[in-house]
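**Q** structure here, sequence nowhere to be found:
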């Protein structure tokens, strides 16, 4: 590079080699430098008012004044220009995330608004530095078989039912083991993504003829006029908890009805609570469906054994 600063020892060696009449190429090879700095400093030495022999006799301080250019004074206008640019950085980075916005468009807008703007190259350099600073990264270390990452892909997959011609959308399940990077992907026909509440799928669950005449129990999150109408059409007795609204709290009779329903719902909730808090078995780490199915069966069997012991203890009392 032509602006590379070389040492004073190299400057004095350069003077000696120039006195010997060596070419710039040979001097560069001798000093292990590129030709550009050799050419630059040789030109500065030859432009001096004294000869090479006299230059060689000068002390380092005097020789430095000839070969090294003094540092330019601080540019106050550039400092003000940088402050103005820094106030716009957040806006630039936000706009770059939008579709169709480029650095050239931002620079042209910046040039129109600023009285003393940076040129395009410097503008891109400063913008890149700011972007790298705002993008914090962290390296995570994973242990084998310690974690499984589960999520649904953003877009659904579609297929056509050949018998009906219906286009069916399926959420895509993605499972990754972070240590080994093993990945499992599966399109789920009868599944919904996590942003869909269970209450929206209740009608599909009550799709069998034998469901008629039975009771359905659920908490107040499932309560809606639409679901009540579905239960009436399917001849299902709704025991979904009633819920209060702003400026319309539950009456005493509604609270009593909810309490009565909770006694039945509690039997199911207690099972999940026992498995989660006592057995610590609500998360399975098996690698295929058959093993997970066996694990769930053993988990239920273990719960039944615990429950049997509890019942025997209660009977003895």
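**A** Okay, I see it. Fair warning: this is a prediction, and the values are worked out from it, not measured in the lab.

**Q** name the nearest residue to residue 187, sequence neighbours excluded.
**A** Nearest residue to residue 187 in three dimensions, chain neighbours excluded: residue 170, at 4.2 Å (C-beta to C-beta, 6 or more residues apart in numbering). Any C-beta I mention is one placed from the backbone N, CA and C, and that applies to glycine too.

**Q** kindly apply the preceding question to residue 39 instead.
**A** Nearest to residue 39 is residue 24, by C-beta to C-beta, 6+ apart, at 5.6 Å.

**Q** so what's the one you found up against?
**A** Residue 24 makes contact with 35, 38-39, 42 under the criterion C-beta atoms under 8 Å, 6 or more residues apart in numbering.

**Q** starting at the chain centroid, how far to the helix or strand containing residue 130?
**A** Residue 130 belongs to helix 120-134 when assigned by DSSP states H and E. Chain-centre distance of helix 120-134: 21 Å, with C-alpha atoms, centre = their mean, to the nearest Å.

**Q** are we agreed that residue 185 is in a strand?
**A** Yes: assessed by DSSP: H, G, I helix; E, B strand; the rest coil, residue 185 belongs to a strand.

**Q** surely it touches residue 170?
**A** No: Residue 185 lies out of contact with residue 170 (C-beta atoms under 8 Å); the separation is 11.6 Å.

**Q** so which of those two has more stuff around it?
**A** The neighbour count for residue 185 versus residue 170, taken as other C-beta atoms under 10 Å, is higher for residue 170 (15 against 11).

**Q** quick check: pLDDT value at the residue nearest to residue 39.
**A** Per-residue pLDDT puts residue 24 at 88.

**Q** what's around residue 38, how many residues?
**A** Number of residues near residue 38 (other C-beta under 10 Å) recorded here: 25.

**Q** quick check: closest non-adjacent residue to it.
**A** Using C-beta to C-beta, 6+ apart, the nearest residue to residue 38 is residue 28, at 4.7 Å.

**Q** what about that neighbour, distance to residue 126?
**A** 34 Å (C-beta to C-beta, to the nearest Å).

**Q** more neighbours: these two, which one.
**A** The neighbour comparison of residue 28 against residue 126 (other C-beta under 10 Å) goes to residue 28, with 19 against 16.

**Q** what's the local residue count around residue 55?
**A** 21.

**Q** repeat for the one 10 residues further on
**A** For residue 65, the count of nearby residues is 12 (other C-beta under 10 Å).

**Q** can you tell me the SS state at it?
**A** helix.

**Q** ditto for residue 92
**A** Quick answer, by three-state DSSP: residue 92 is helix.

**Q** ok, it - contacts?
**A** 106, 110, 127, 130.

**Q** which residues in the stretch 201-317 of the chain form strands?
**A** 215-218, 237-240 (DSSP state E, counting those that start in this stretch).

**Q** before we move on, what about the stretch 51-200 of the chain?
**A** 149-152, 157-160, 167-170, 172-177, 182-187.
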